[in-house]
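Undergrad: Generate coordinates for the sequence data below:
(one chain, ligands or ions: 1)
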Amino acid sequence: MRLENKTAIVTGAGSGISEEVAKTYLKEGANCVLVDLKNLDEQFAPLAEKYKNKIAVVRADISKKDDIAHVVETAVNKFNQVDILFNGAGIFDMRSILEESWEVFDRLFTVNVKGTFFLMQAVAQQMVKQGKGGKIINVSSQAGRRGEALVSHYCATKAAVISYTQSAALALASYHINVNAIVPGVIDTPMWDQVDALFARYENRPLGEKKKLVGEAVPLGRMGLPSDFSGAAVFFASSESDYITAQALNVDGGNWMS
Ligand code: NAP
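TA: As a prediction, the model looks like this:
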């Protein structure tokens, strides 16, 4: 087991990529603080039974200052430390450039940028206090690599995640805190139901068509699955990546070449 005696905070753990990463971290021996907007007690009850005393569930909004403090306090109170942050919670929406979108802008930047940054900051402060280094893994998107006509605000939030990853990695290197980002391509999670429905509306397509097309366009021939992230998420959380920081790793079946 590669994460034994480590404590990880995983945000967005109720769904998709982060849910799979949380399960993988548990298998690898980590204590996990599972954070989501919804209460995860019932969803994770079987795993709480299996991994006794290794799970703490926190209902929190990562864009709220008090909630962020509560997440870190829970980790410290229950497990004495925080060694890993998987900063996976995020939201999606789209609007055309010419359409009114103040509310969409605020919502996307509040969660994807403000939430991601300030949780990273709170965890980094705790890691510095502990003096043993740490691993921070932010979740960007292929949308953060370039603009998209209908997806401007989301693209900008995910570009910001890469930028903050780089700045934090440089700022925290002397504390032996590694900060990297994972950059998903198109991944078959509940988020894609919403993405597909929005593209259906904006591009006047039948439901399901966009999802089918994007999967077929991936060089490796299919959409990704949450389980396709387990390897990268464990690698960046483990000592195997001790000499890697400030990187943004595409996990996208070859969709983006860099
Ligand atoms: P998902 O299935 O929608 O899961 C996201 C989880 O985050 C949900 O459980 C959601 O809770 C939670 N969440 C949302 N806002 C939150 C907040 N303010 N505080 C705490 N939790 C919050 O999405 P996913 O596809 O796994 O995406 C995970 C990450 O990968 C996101 O950052 C996303 O932008 C990124 N990504 C996904 C894809 C893709 O193709 N799926 C591609 C590129 C990047 P609720 O369900 O209660 O809202």
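
Undergrad: Where do the domain boundaries of this structure fall?
TA: 7-185+226-251, 186-223 (automatic domain parsing).

Undergrad: Please state the offset of the last one from the chain centre?
TA: Centroid separation for domain 186-223 versus its chain: 20 Å, with C-alpha atoms, centre = their mean, to the nearest Å.

Undergrad: Run the contact check for that domain versus the ligand.
TA: Yes: contact of domain 186-223 with the ligand (C-beta under 6 Å from any ligand atom) involves 186, 187, 189, 190, 191, 192. In short, each C-beta sits where N, CA and C put it, glycine included.

Undergrad: By neighbour count, which of those wins?
TA: Using other C-beta atoms under 10 Å as the neighbour test, the residues of domain 186-223 next to the ligand are led by residue 186, with 23 neighbours.

Undergrad: For that residue, give its distance to residue 113.
TA: Distance of residue 186 to residue 113, given as C-beta to C-beta, to the nearest Å: 22 Å.

Undergrad: Break down the stretch 151-258 of the chain into its helices, ranges please.
TA: 152-172, 190-202, 209-217, 230-237 (DSSP state H, counting those that start in this stretch).

Undergrad: For residue 142, find the nearest of the ones you listed.
TA: helix 152-172 (8.2 Å; C-beta to C-beta).

Undergrad: Just the CA trace of the closest one, in CSV.
TA: The C-alpha coordinates for helix 152-172 follow below in CSV (Å, rounded to 0.1, in the frame of the first residue of the first chain):
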residue,chain,number,x,y,z
SER,A,152,-15.4,30.6,-22.1
HIS,A,153,-16.0,31.0,-18.3
TYR,A,154,-15.3,27.4,-17.5
CYS,A,155,-12.2,27.4,-19.7
ALA,A,156,-10.9,30.5,-17.9
THR,A,157,-11.5,28.9,-14.4
LYS,A,158,-9.6,25.8,-15.4
ALA,A,159,-6.7,27.8,-16.9
ALA,A,160,-6.6,29.6,-13.5
VAL,A,161,-6.3,26.3,-11.8
ILE,A,162,-3.1,25.5,-13.8
SER,A,163,-1.7,29.0,-13.1
TYR,A,164,-2.4,28.7,-9.3
THR,A,165,-0.9,25.2,-9.3
GLN,A,166,2.4,26.6,-10.8
SER,A,167,2.5,29.6,-8.4
ALA,A,168,1.8,27.5,-5.4
ALA,A,169,4.3,24.8,-6.4
LEU,A,170,7.0,27.5,-6.5
ALA,A,171,6.0,29.1,-3.3
LEU,A,172,5.8,25.9,-1.4
